[in-house]
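Colleague: What follows is a predicted structure for the sequence shown.
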Amino acid sequence: RAVRVQAAGRAGRAGRRIGRMAVVPPRPATRIPAPAAGPPGVRPVISDLQPGDFVDGYRIIRPLGRGGMGVVFEAEHVRLGRRVAFKVLQAERAHDPAFHERFEREARLAARLDHPNVVAVHDAGVADGRPWIAMALIDGEDLRSRLRRSHERLDLRLAVDVVVQVGAALDHAHGKGVLHRDVKPANVFLSDDGGRIIARLGDFGLTKEVDAGDELTASGMVVGSVDYLAPEVLEQRPVGVRSDVYALAATLLTAMTGAPPFSGGTAARMAAHGSAPRPRPSERRPELGPFDAVMLRGLAVDPDDRYPSAGALAAAASDALRIATGGGPADGASARPSAAPDDDFEIVLRSSRVAPAPGAPPPAGPSGPAGPP
């Protein structure tokens, strides 16, 4: 199995924090740049966007970040005056029909979801052959940025609360027949709502319908983050709901201890997911002993040995929290993590088959749920 390692680049990740910063003053109204020529039979695409450009009624304000497929900007719907996170397919991906379909599938599947812990999709379209998605703009930051900014693990109660919220989002998605397949701290967005931290799951760029095939993968490949991929994903075995459960357990461990499940080089971490002893939180923080059993099951190599749902994992973590804290105040201790959370490397591997989830609805066909306008 050929595995290619791609360095996502720290510079490309630096803009991942999403917040309401000073807005770049708009340039005078401009037209969308002229389409760039592409290979025969491929639709033209717009050039890289700049602050002040207009796309289908949205004014580009400033760049926010860059992911595996898209570039995200803060933008404003001119007629409604609503600020959004405006995601556009990367220019270098624009001539690949498979990436077009994958990007448009993200909009269609994410639009099925209506949950307070999922980043909402407002609108979608295609401008000069380049697809875009308008999503809710989160006034806050992602969990990875939160950990790196403070150089500390999260308060234990907050770490568990975040996983409870993300678990609810995943259960909602799984109930709609949608797998996320890229759950990790960088895709969990945090905002303050009257003193309570609200966690929302975003970036459904690797979503797949539970019963769907692999015809939309680019050259038979998918992308995922090394530190949070379940063994069956790395080994090209069928993936399903419990693959997302594994990633959520790894995210919880990172939030509680400041480091992902395994350390070492990329190849070593990949191998460890399927062969190394499961990490015990108590070896990193002795007071986390009640979470050892949670990680042992949540990060089990065999999917059948894991929790059956994200909500079940979150419930077990909540029980462990009560034991660990004795019903007392939140554990506010903090320490520099033994290893920095490392999402900076992504791997590209042969696409995995998707195992049907019991009771999941069939994938949408021509008469299924409509995508965004």
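Modeller: It's in.
Colleague: Count the residues that sit near G129.
Modeller: 17 (other C-beta atoms under 10 Å). (C-beta placed from N, C-alpha, C; glycine too.)
Colleague: same deal with the one 5 residues further on?
Modeller: One way to gauge burial is a neighbour count; for A134, by other C-beta under 10 Å, it gives 24.
Colleague: Equivalent analysis for H172, please.
Modeller: With neighbours defined by other C-beta under 10 Å, the count for H172 comes to 20.
Colleague: Can I take it that it is in a helix?
Modeller: Yes - applying DSSP: H, G, I helix; E, B strand; the rest coil, one finds H172 inside a helix.
Colleague: For A168, give its distance to E287.
Modeller: 26 Å (C-beta to C-beta, to the nearest Å).
Colleague: Of the two, give the one with the bigger neighbour count.
Modeller: Set A168 next to E287 and count neighbours by other C-beta under 10 Å: A168 wins out with 19 against 13.
Colleague: from what I can see that one touches A315, true?
Modeller: No - using C-beta atoms under 8 Å, A168 makes no contact with A315, being 10.8 Å away.
Colleague: The closest residue in space to D53 that isn't next to it in sequence pairs with what?
Modeller: Leaving aside its sequence neighbours, D53 sits nearest to I60 (C-beta to C-beta, 6 or more residues apart in numbering; 4.6 Å). Assessed by DSSP bridges, I60 has beta-bridge partners A75.
Colleague: Quick one: residues contacting I60.
Modeller: For I60, the contact set (C-beta atoms under 8 Å, 6 or more residues apart in numbering) comprises 49-54, 73, 75, 86.
Colleague: change it to 7 Å
Modeller: 49-53, 73, 75, 86 (C-beta atoms under 7 Å, 6 or more residues apart in numbering).
Colleague: Only whichever of those residues are buried, select them in PyMOL.
Modeller: Selection of buried members from these for PyMOL, criterion 16 or more other C-beta atoms under 10 Å:
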select buried, resi 49+51+53+73+75+86
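Colleague: Dump the contacts of I60 to TSV, plus pLDDT.
Modeller: Formatted as TSV, the contacts of I60 follow (pLDDT from 0 to 100):
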residue	pLDDT
L49	83
Q50	89
P51	91
G52	92
D53	91
F73	92
A75	95
F86	92
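Colleague: Mind checking which of the contacts of I60 land in strands?
Modeller: 73, 75, 86 (DSSP state E).
Colleague: I'd assumed L49 was in contact with A91.
Modeller: No - the pair formed by A91 and L49 falls short of the contact definition of C-beta atoms under 7 Å, at 9.5 Å.
Colleague: quick one: the helices in the stretch 1-150 of the chain?
Modeller: Per DSSP state H, counting those that start in this stretch, the stretch 1-150 of the chain carries helices over the ranges 10-13, 97-110, 143-150.
Colleague: packing partners for the second one?
Modeller: When contacts are defined as 3 or more C-beta pairs under 7 Å, 6 or more residues apart in numbering; DSSP states H and E, helix 97-110 sits against strand 82-89, strand 121-127, strand 130-136.
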